[in-house]
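J.: generate a structure from the sequence data that follows.
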Amino acid sequence: MNVNEFADAQRSHYTVYPSLKKRRKGGSKIPFVNLLDGKELTQNVERRWELYHQLHSHFHDQVTNIVENIEVDLKGEISNMLFNGSKRKDTKPCFNTLFLLGSDSTTKIELPDIDPNVFKVLIELTPKESPNVRMMLRRSMFKLFTSADAELHNKTSVKREVTNENMNDYEESTEANGEIMGEGVREEDDGLGQADVSYDLSLVENFKALFGKNLNMIFNFKEVDSINFQTLDNFIVVLKNVLKNEHLQINLVFNINTNMSNIEKNLPQSTIRFLKRNYHTLDVSSNKGFKYGNRIFQSFLDTVDGKLNLSARFVDFLLSKMANNSNHNLQLLVKILDYSLMSYFFHNPFSVFIDPVNIDFLNEDYLNMLIRCPTFMFFVEGLIKQNAPSEEIRSLLTNKDSTLADFFAEFLVRENPINGYAKYVTQVLEKELHIYNYNLIELYYNLLVGRLEIYLERWSAYRNSDRKLKFEPIDTIFQELFTLDNNNELLSQALFPCYKSNLENDMLHWEHTLPLGQSKTDDETLLKLDNSMAPVVGHMFKLYREANSSINVYDFYTTFRDTLPKKEIMDFLDETSDVDSNIHRLLLENEKSRVIDKVSLALFMQAVFDFDHMGIIKTQNNRNYDVIEKCIWRGI
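T.: From the prediction side, this is the model:
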């Protein structure tokens with residue numbers, strides 16, 4: 001036997017590379033198809049594609065600008081809280097504390113312009129550089145002294161990380177220059193095995209006398225969750241002792257990548273209370289909060305100039321998916337809006353009329369669909385109830401003298417009142433009521449369903465402006481033609497397919513996917529077999545669903561064999577034996593029951609092999625070969 005053939009026979013899987021058909025040269029490169037039962041003009045398809053491409057590019061340009069400005073806005077907010085806010089809430093000395101929630105420690109803090117009266121220094125401490133209070137203090141004093149000395153001698157700021165060699169050199173220098181750094185370290189044992197650490201911060205206390213400026217120190221603690229909390233607490237206590245100096249201001253920035261409760265649980269409550277005398281919290285994760293999500297959603301509404309509506313079902317779908325995927329909110333929001341815009345232009349022939357200039361292409365094929373719109377039919381019913389002239393109603397239905405076309409053209413130049421009012425509500429909330437922590441998507445949903453007042457009641461400031469923001473939902477004619485919707489869960493299946501349920505449904509109802517009697521020949525025997533027997537995996541899956549988590553192989557096989565359509569199988573084998581010598585030999589050398597056993601075993605082994613590679617069962621790494629273990633799919 002050929003060695004390559006033998007090696008190929010031992011493979012557990014095969015890779016097939018299908019040959020791709022070459023595209024016809026000169027064909028259309030537009031991925032859209034002709035709608036209106038194929039009657040849509042080619043130029044209309046091209047205009048739909050151009051309009052979609054234009055809106056898609058405009059929307060993504062805005063998203064790019066929003067994402068790029070996140071870091072700039074973040075730096076501005078941090079600087080404003082650290083340097084422009086109120087320093088103290090009372091007369092007692094305290095830190096200016098900033099908790100950065102959701103920070104990955106890459107957030108940069110920029111110092112403001114040089115102040116002739118105040119020296120500002122940024123001291124960054126990582127868990128690796130903070131094994132104990134002694135090392136934390138020495139690194140801090142090294143950074144402070146080198147920065148101040150460089151400015152004093154008009155040198156550029158030292159922009160290098162403090163290595164162990166730097167620290168060794170610095171420790172030697174501090175012993176030789178005790179008049180600058182003070183007496184060093186003093187540790188007193190409290191008798192309980194823990195040292196009450198105290199350090200002499202004479203450089204900080206005498207900074208104004210040495211350099212002639214006030215001092216503003218910013219301690220940026222990176223990866224706070226990984227720093228020893230006892231060491232961190234001792235360091236805060238040490239810094240607390242020098243707050244009595246009037247020339248000194250200390251800012252503490254904590255980069256927290258878990259949550260505030262974890263910090264409050266590990267630090268002493270006395271320290272937490274002291275830090276919260278003057279503190280701010282800022283969610284720096286671009287995935288969380290509503291600020292940037294609101295901007296992206298508003299940019300999407302502005303992209304179509306208020307012509308495109310969003311159904312309540314679609315907005316509710318947005319809210320549910322955003323709530324379940326909080327780690328990638330911005331990316332997920334863009335993905336859903338992007339796909340919904342594409343699907344709308346792909347399947348809706350009226351999408352070309354978002355640009356009113358294209359009204360010239362309105363013909364009978366479009367008009368026949370217009371008169372069947374539910375909102376238009378409801379409008380006609382209203383005219384009948386109001387005893388409108390019958391000639392006017394008939395002219396609308398028959399488009400006499402272009403009445404319906406003119407009526408539709410008049411609708412196109414109007415803007416969606418809901419989109420405009422949503423923007424008005426946000427302006428009132430931000431500029432007049434100074435409310436910024438609202439979710440525009442949720443606000444838009446409540447606006448659609450008529451519950452805007454209930455949503456806004458959560459803010460007490462709204463009660464003074466409830467009349468100004470009162471809005472009644474308005475039904476717009478032809479709105480279903482220009483509405484993004486999640487019809488029949490189309491977006492749910494396309495963006496978040498239920499793989500497990502889809503696979504189960506296909507195997508249980510295989511006739512929905514594979515037509516009955518699908519064969520290459522007109523053989524009646526094969527047709528009967530196809531109609532009476534499901535595909536092997538479908539036949540076994542019905543038995544698999546009723547089995548326990550551990551399935552006995554022999555019992556599974558006997559049940560599989562007994563449920564097969566034996567008569568149809570034997571008829572097919574008899575018919576095929578005339579042209580297949582192997583099947584003919586099988587029938588001659590074996591009895592009918594033995595033939596059924598061999599065929600059943602072959603089909604059973606094929607189904608087990610398929611189930612194993614589909615991940616439905618586990619056969620490998622199982623010492624008990626008499627049992628097949630069910631594989632439970634989680635999170636799919």
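
J.: break this structure into its domains for me.
T.: 41-88+290-359+414-487, 90-277, 501-630 (automatic domain parsing).

J.: looking at this, Asn220 is in a helix?
T.: No - read with DSSP: H, G, I helix; E, B strand; the rest coil, Asn220 is strand and lies in no helix.

J.: now do the same contact list for it.
T.: 109, 122-125, 253, 255 (C-beta atoms under 8 Å, 6 or more residues apart in numbering). In this view, the C-beta of every residue, glycine as well, is placed from N, C-alpha and C.

J.: mind listing what's buried along stretch 483-496?
T.: 483-486, 491, 495 (16 or more other C-beta atoms under 10 Å).

J.: tell me the mean pLDDT over that stretch?
T.: Regarding stretch 483-496, the rounded mean pLDDT is 79.

J.: among the contacts of Asn220, which are in strands?
T.: 122-125, 253, 255 (DSSP state E).

J.: quick one on the thing from earlier: any chance of the contacts of Asn220 in JSON lines, with neighbour count, distance to Met217 and pLDDT too?
T.: Listed next are the contacts of Asn220 as JSON lines, based on neighbours: other C-beta atoms under 10 Å; distance: C-beta to C-beta, whole Å; pLDDT from 0 to 100:
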{"residue": "Ile109", "neighbour count": "16", "distance to Met217": "12", "pLDDT": "85"}
{"residue": "Leu122", "neighbour count": "19", "distance to Met217": "8", "pLDDT": "91"}
{"residue": "Ile123", "neighbour count": "17", "distance to Met217": "6", "pLDDT": "91"}
{"residue": "Glu124", "neighbour count": "20", "distance to Met217": "12", "pLDDT": "91"}
{"residue": "Leu125", "neighbour count": "21", "distance to Met217": "12", "pLDDT": "91"}
{"residue": "Val253", "neighbour count": "25", "distance to Met217": "11", "pLDDT": "92"}
{"residue": "Asn255", "neighbour count": "23", "distance to Met217": "17", "pLDDT": "89"}
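
J.: for Asn531, state which of the residues you listed is nearest.
T.: Asn255 (66.6 Å; C-beta to C-beta).

J.: just to check, that closest one is in contact with Leu101?
T.: No - counting by C-beta atoms under 8 Å, Asn255 stays clear of Leu101, with 9.1 Å between them.

J.: out of the domains of the chain, which comes closest to Glu391?
T.: Per C-beta to C-beta, nearest to Glu391 of the domains of the chain: domain 41-88+290-359+414-487, 20.1 Å.

J.: next one: the closest one to chain centre, how far?
T.: Computed by C-alpha atoms, centre = their mean, to the nearest Å, the chain-centroid distance of domain 41-88+290-359+414-487 equals 16 Å.

J.: before we move on, back to that, which ones among the buried residues of stretch 483-496 lie within strands?
T.: 483-484.

J.: of the buried residues of stretch 483-496, which pair is most distant in space?
T.: Thr483 and Leu495 (18.3 Å).

J.: quick one, strands of the stretch 451-600 of the chain?
T.: 483-484, 550-552 (DSSP state E, counting those that start in this stretch).

J.: in CSV: these, plus distance to Gln230.
T.: Listed next are those as CSV, based on distance: least, C-beta to C-beta, whole Å:
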stretch, distance to Gln230
strand 483-484, 55
strand 550-552, 50
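
J.: rewinding a little: and the domains of the chain, which one is worst for confidence?
T.: Among these, domain 90-277 scores lowest, at a mean of 75.

J.: packing partners of the helix or strand harbouring Arg138?
T.: Assessed by DSSP states H and E, Arg138 sits inside helix 133-152. The helices and strands touching helix 133-152, judged by 3 or more C-beta pairs under 8 Å, 6 or more residues apart in numbering; DSSP states H and E, are strand 118-125, helix 164-176, helix 178-181, strand 195-199, helix 202-205, helix 207-211, strand 214-221, helix 229-240.

J.: coming back round to it: could you dump the contacts of Asn220 to CSV with distance to Lys567?
T.: Output for the contacts of Asn220, formatted as CSV (distance: C-beta to C-beta, whole Å):
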residue, distance to Lys567
Ile109, 81
Leu122, 85
Ile123, 86
Glu124, 81
Leu125, 81
Val253, 80
Asn255, 73
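
J.: Ser532: which of these is nearest?
T.: Nearest member of the contacts of Asn220 to Ser532, counting by C-beta to C-beta, is Asn255, at 67.0 Å.

J.: apart from its chain neighbours, what residue comes closest to that closest one?
T.: Closest residue to Asn255 apart from its sequence neighbours, by C-beta to C-beta, 6 or more residues apart in numbering: Ser103 at 4.0 Å.
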